[in-house]
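A.B. asks: The sequence isn't on hand, but the structure is:
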């Protein structure tokens, strides 16, 4: 909290001198920004992940399974579109993830049947919308202006559509958006409590667990970096500090000798 207060005060001071007083003081260039303290991520064991998923059903289970099984962020999951799922290649394409970057990750085999069933339900909802003269979905990068029929095309529909249509406050257009992310947040919170997990686990904890368990299994950190979509490998390296092998994932020399 203190670093946020200091950062806010510094920003206000810089704004005063540069924008209001229009002065550039020499010492301003030497100011050191307050650094956000780096905290270790909360990670579940494999048994804890299994216990958590056992307490979930339906769409909530499927989405949580994708967060853990494919390393997706919460918003990346709810924003998945039909064209992003490739069953033949067992692959998921994450479009415009953090940093507006696309990446590919695996499609967990355990989710394939449930994902196919979810697409059947999503298609039923889409066909019902089309019959009502609706069926359009929001498209990125003004694609709806370039390709007039794309917004109603099946491949652009959300894998996890909302239960009701809503009016876009920016355009006034009624569309069917994706499911609200808060529904999964609530479901995970309930599952954590029912599973008796004594950790402050959230949906993002499943992504942390994905990375940590891959590293525990011996996968190269660069591979894990690509699957997570991290710009810098140093971001991925934080998971080496939470491996289940002591400090920094290193075995004690005493244990090595035994």
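C.D. replies: Arrived safely, thanks for sending. For clarity, every value in this text was computed on a predicted model and none was experimentally measured.
A.B. asks: State the pLDDT value of the closest residue to residue 106 other than its chain neighbours.
C.D. replies: Nearest residue to residue 106, sequence neighbours excluded (Cβ to Cβ, 6 or more residues apart in numbering): residue 70, at 5.8 Å. Glycine gets a C-beta too; all of them are placed from N, C-alpha and C. pLDDT recorded at residue 70 is 96.
A.B. asks: Show the contacting residues for residue 70.
C.D. replies: Residue 70 makes contacts with 92, 105-108, 210, as judged by Cβ atoms under 8 Å, 6 or more residues apart in numbering.
A.B. asks: Nearest residue to the middle of the protein?
C.D. replies: When the chain is reduced to its mean C-alpha position, the closest residue under Cα atoms, centre = their mean turns out to be residue 73, at 0.9 Å.
A.B. asks: What sits closest to it if chain neighbours are left out?
C.D. replies: residue 207 (6.2 Å).
A.B. asks: so the closest residue to residue 46 other than its chain neighbours is in which element?
C.D. replies: In this structure, residue 46 finds its nearest non-sequential neighbour in residue 213, 6.3 Å apart by Cβ to Cβ, 6+ apart. When elements are defined using DSSP states H and E, residue 213 is found to belong to helix 203-216.
A.B. asks: Check which helices and strands that helix sits against.
C.D. replies: Applying 3 or more Cβ pairs under 8 Å, 6 or more residues apart in numbering; DSSP states H and E, we find helix 203-216 packed against helix 46-54, helix 58-70, helix 181-194, helix 221-228.
A.B. asks: just the angle between the longest one and helix 203-216, please?
C.D. replies: Computed by axes from the mean of the first three to the mean of the last three Cα atoms, to 10 degrees, the angle separating helix 181-194 from helix 203-216 equals 70 degrees.
A.B. asks: Other residues contacting helix 181-194?
C.D. replies: Where contact means Cβ under 8 Å, 6+ apart, the residues beyond helix 181-194 that reach it are 52-53, 55-56, 60, 63-64, 74-75, 77-78, 199, 201-203, 206.
A.B. asks: By neighbour count, which of these wins?
C.D. replies: Among the contacts of helix 181-194, the one with the most neighbours (other Cβ atoms under 10 Å) is residue 206, at 29 neighbours.
A.B. asks: what about it, distance to residue 116?
C.D. replies: Counting by Cβ to Cβ, to the nearest Å, the gap from residue 206 to residue 116 is 22 Å.
A.B. asks: Many thanks, have a good one.
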